[in-house]
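# Quick one, structure for this:
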Amino acid sequence: MYDIIPLILMLVSFGVMAVIAIRKFPALASLDVENIPAEKEARFKERILSNRLKRNVLRWYAKVARFTRPVFGWLSEVLKSLYAKLHDLKEKYRTEQPSTPEDAEKRIAALYEESEELRRQEDYGPAEKKLIEIISIDSKNIKAFKALGHLYVERKDLEEAKQTFEHILKLKADDEEAYEDLALVAQASGNLELAKSDYLRSLEINNQRAQTYYHLALVYEETGDMFSAADNMKLALKLEPNNPRYLDTTLRISIIIKDKVLALEAYDRFLKVNPENQKLSEFKRQIDEI
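Predicted coordinates for the structure are as follows:
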């Protein structure tokens, strides 16, 4: 009984508070916080700070615009100038393009001759431009691509040379010269196995190229396979029996492998082809020692 009395008192108190809140709710709902002095002051400060920030932004924008306007103006003029130059180049290129196949052929011949002359003078940059101009006229001009590849080899740009010769093979898959050129690039890069593979591929396509046998012999010699080198020199001499370079190399290799018959045969021919050669006496001495 005594436990229920506090509970009853609590419920009565909550009831009284609820009645008061319900009666005063309309007044609380209609309370205008804008009219409360503290709220009005806070909102006023917020508005002032906002306006101040806007003024600062506008002032800095005006300053930046004042300094950057000349830069953007200059940049605009530069872009207009570049556009005009590009347009002129395009028009020049269009007007310089040969209008007939005969004109194209003459133009290509002249450009090729000019590029060769520049290349002989080791003026590789302009020579390269001439060849590229040929390719712009005839995108499948293998002769120009080969000349470009050889130019890159002379310029020691072996990667560009390799890519150029590979492109030739895309235009003509059975081009034995392109395979030999790739082999030369691989050989110059120190990749003798790849060089050997490309030389052999070239000979599969055309086995009547003495210089390919000669270059392959040099690869075999470099790898220490002297007998294979000698075999390839025999094939090279079969096609070009009086080539002094081939006779010289054959003599040297045959002396190393002590093939006296091959050495004497090469010596006799070398004596007829180039009797004034200073190496002959030394070759004869080495042959006699075999």
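# Where does pLDDT dip in the stretch 1-150 of the chain?
Applying pLDDT under 70 to the stretch 1-150 of the chain flags residues 1-42, 44-45, 48-49, 89-96.
# 90 instead, please
1-103 (pLDDT under 90).
# now the helices for it?
Counting by DSSP state H, counting those that start in this stretch, the stretch 1-150 of the chain has helices at residues 4-29, 37-96, 101-120, 124-137, 142-154.
# and the longest one, how far out from the chain's middle?
Same thing as helix 37-96. 38 Å (CA atoms, centre = their mean, to the nearest Å).
# Could you do stretch 200-220 as well?
Its chain's C-alpha centre and that of stretch 200-220 lie 30 Å apart, by CA atoms, centre = their mean.
# hey, C-alpha coordinates of it in PDB?
Output in PDB follows, covering the C-alpha atoms of stretch 200-220 (Å, rounded to 0.1, in the frame of the first residue of the first chain):
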ATOM      1  CA  LEU A 200      69.400 -18.500 -92.800                       C
ATOM      2  CA  ARG A 201      65.900 -17.300 -93.400                       C
ATOM      3  CA  SER A 202      67.200 -14.900 -96.100                       C
ATOM      4  CA  LEU A 203      69.000 -17.800 -97.800                       C
ATOM      5  CA  GLU A 204      65.900 -20.000 -97.700                       C
ATOM      6  CA  ILE A 205      64.200 -17.300 -99.800                       C
ATOM      7  CA  ASN A 206      67.200 -16.700-102.100                       C
ATOM      8  CA  ASN A 207      70.300 -19.000-102.000                       C
ATOM      9  CA  GLN A 208      72.200 -17.100-104.700                       C
ATOM     10  CA  ARG A 209      73.400 -14.200-102.600                       C
ATOM     11  CA  ALA A 210      77.100 -14.500-102.000                       C
ATOM     12  CA  GLN A 211      77.200 -11.600 -99.400                       C
ATOM     13  CA  THR A 212      74.600 -13.400 -97.200                       C
ATOM     14  CA  TYR A 213      76.900 -16.500 -97.100                       C
ATOM     15  CA  TYR A 214      79.800 -14.200 -96.300                       C
ATOM     16  CA  HIS A 215      78.000 -12.500 -93.400                       C
ATOM     17  CA  LEU A 216      76.800 -15.800 -92.100                       C
ATOM     18  CA  ALA A 217      80.300 -17.100 -92.200                       C
ATOM     19  CA  LEU A 218      81.400 -14.100 -90.100                       C
ATOM     20  CA  VAL A 219      78.700 -14.900 -87.500                       C
ATOM     21  CA  TYR A 220      79.900 -18.600 -87.300                       C
END
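# buried set for that stretch?
Applying a neighbour-count criterion of 16 or more other CB atoms under 10 Å, one finds 201-203, 205, 209-210, 212-220 buried in stretch 200-220. Any C-beta I mention is one placed from the backbone N, CA and C, and that applies to glycine too.
# which residues sit in contact with residue 189?
By CB atoms under 8 Å, 6 or more residues apart in numbering, the contact set of residue 189 is residue 158.
# what separates it from residue 67, distance-wise?
Applying CB to CB, to the nearest Å, the value for residue 189 to residue 67 is 54 Å.
# cool, and residue 116?
Note on residue 116: its distance to residue 67, by CB to CB, is 55 Å.
# And residue 275, its phi and psi?
When quoted as degrees, to the nearest 10, the phi and psi of residue 275 stand at phi -60, psi -20.
# Can you give me the distance of it to residue 269?
For residue 275, the distance to residue 269 - CB to CB - is 11 Å.
# Same drill for these two, tell me which one is more crowded.
Using other CB atoms under 10 Å as the criterion, residue 275 and residue 269 rank with residue 269 on top: 19 against 8.
# Grab the nearest non-local neighbour of the more buried one.
Nearest in space to residue 269, with sequence neighbours left out and distances taken as CB to CB, 6 or more residues apart in numbering, is residue 247 at 5.7 Å.
# chain center to the helix or strand hosting the one you found, what's the gap?
Residue 247 belongs to helix 244-256 when assigned by DSSP states H and E. Offset of helix 244-256 from its chain centre (CA atoms, centre = their mean): 41 Å.
# residue nearest the centroid of the protein?
In the chain, the residue lying closest to the centroid (CA atoms, centre = their mean) is residue 160, at 7.8 Å.
# Outside of stretch 197-215 itself, list whatever touches it.
By CB under 8 Å, 6+ apart, stretch 197-215 touches 174-177, 179-180, 182-184, 186-187, 216, 219, 232-233, 235-240, 243, 245-246, 249.
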